[in-house]
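Undergrad: next come a sequence and a model predicted from it.
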Amino acid sequence: MSLSSVRRPFMPASLPPGAEADASAAASAASAASVAAPPPADPATERSLRLEDGLTVAVMALLALITFANVLVRYFTNSSFAWTEEISVFLMIVLALVAGSAAVARDVHIRIEYFAEGGSPARRRRLALFGALAVAVLFGGIAVLSARVTWDDWRFGETSPGIGVPQWWYSIWLPVLSALITVRAIGLFRRQARRAAELESRP
């Protein structure tokens with residue numbers, strides 16, 4: 001066998017100057033990004049979020065149907081379903097609260113990136129914990145106060161200004177959905193606290 005037919009083992013080419021430093025910097029950035037990334041919702045939470053996702057789709061479909069019906073009636077009769085405005089406003093509020101609940105559970109709510117993504121990983125974890133706790137306290141307070149408003153609407157027999165239905169038919173959903181957001185925020189806080197403890201226990 002000739003020497004030319006013998007395969008030489010593969011020898012990796014030497015890295016150009018500065019490549020090792022770039023690779024090290026990229027690895028450090030990836031590690032920092034993984035530390036700062038929001039904790040994923042556990043499978044049980046994702047399954048329970050089907051409630052919010054389903055309600056979001058249903059409310060949006062109902063809003064689209066009401067709007068489409070109003071357009072057709074206005075086009076053919078030069079009038080509209082004025083009574084639907086009250087229902088549309090109510091549905092938009094419900095949509096905002098239901099979608100907000102899902103956003104809190106998935107940790108994708110609005111934040112100022114200059115503060116949320118700045119500083120050390122430990123600082124970002126502490127800020128995320130504070131944010132989840134603040135959301136829980138805020139919507140817990142809204143749930144309690146709005147429950148008192150709903151009780152007053154029911155006790156005094158308040159009716160809606162548009163179609164004259166009992167006002168508590170609308171107002172009762174504010175404490176219910178606020179309590180749901182509070183539960184989601186508490187769950188997010190627990191996941192973040194558990195993840196922070198795991199990261200701090202690493203050598």
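TA: That came through, no problem.
Undergrad: going forward, measure contacts and count neighbours with C-alpha atoms only.
TA: OK.
Undergrad: pLDDT score for Gly100?
TA: Predicted confidence (pLDDT) at Gly100: the value is 93.
Undergrad: below-threshold pLDDT in the protein: ranges please.
TA: The chain contains residues with pLDDT under 70 at 1-44, 203.
Undergrad: quick check: longest helix of it.
TA: Determined from DSSP state H, the single longest helix within the chain is helix 121-156.
Undergrad: which strands and helices sit next to whichever helix or strand comes after that helix?
TA: Counting by DSSP states H and E, the element after helix 121-156 in chain order, helix or strand, is helix 168-171. Contacts defined by 3 or more C-alpha pairs under 8 Å, 6 or more residues apart in numbering; DSSP states H and E place helix 168-171 against helix 121-156.
Undergrad: buried ones in the helix it packs on?
TA: Going by neighbour count (16 or more other C-alpha atoms under 10 Å), the buried part of helix 121-156 is 121, 124-125, 128-129, 131-136, 139-143, 146-147, 149-150, 153-154.
Undergrad: what's the longest helix of the chain packed up against?
TA: helix 19-36, helix 113-116, helix 168-171, helix 173-201.
Undergrad: what angle sits between it and helix 173-201?
TA: 160 degrees (axes from the mean of the first three to the mean of the last three C-alpha atoms, to 10 degrees).
Undergrad: how far away from the center of its chain is helix 121-156?
TA: 15 Å (C-alpha atoms, centre = their mean, to the nearest Å).
Undergrad: again, but for stretch 53-72
TA: 22 Å.
Undergrad: what does stretch 52-69 give?
TA: 19 Å.
Undergrad: ditto for stretch 77-95
TA: The answer for stretch 77-95 is 26 Å, by C-alpha atoms, centre = their mean.
Undergrad: please identify the buried residues of it?
TA: 80, 84-85, 87-88, 91, 94-95.
Undergrad: is it true that Ala132 touches Arg190?
TA: No - checked against C-alpha atoms under 8 Å, the pair Ala132 and Arg190 is beyond contact range at 9.1 Å.
Undergrad: hang on, the earlier thing: may I see the buried residues of stretch 77-95 arranged in TSV, with distance to Pro166 and secondary structure as well?
TA: Shown next, in TSV, are the buried residues of stretch 77-95 (distance: C-alpha to C-alpha, whole Å; DSSP: H, G, I helix; E, B strand; the rest coil):
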residue	distance to Pro166	secondary structure
Ser80	23	coil
Thr84	16	helix
Glu85	16	helix
Ile87	13	helix
Ser88	16	helix
Leu91	16	helix
Val94	17	helix
Leu95	21	helix
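Undergrad: nearest to Ile110, of these?
TA: The closest of these to Ile110 turns out to be Leu95 (C-alpha to C-alpha; 16.3 Å).
Undergrad: enumerate every residue touching the closest one.
TA: By C-alpha atoms under 8 Å, 6 or more residues apart in numbering, the residues touching Leu95 are 55-56, 59-60.
Undergrad: all set, thanks.
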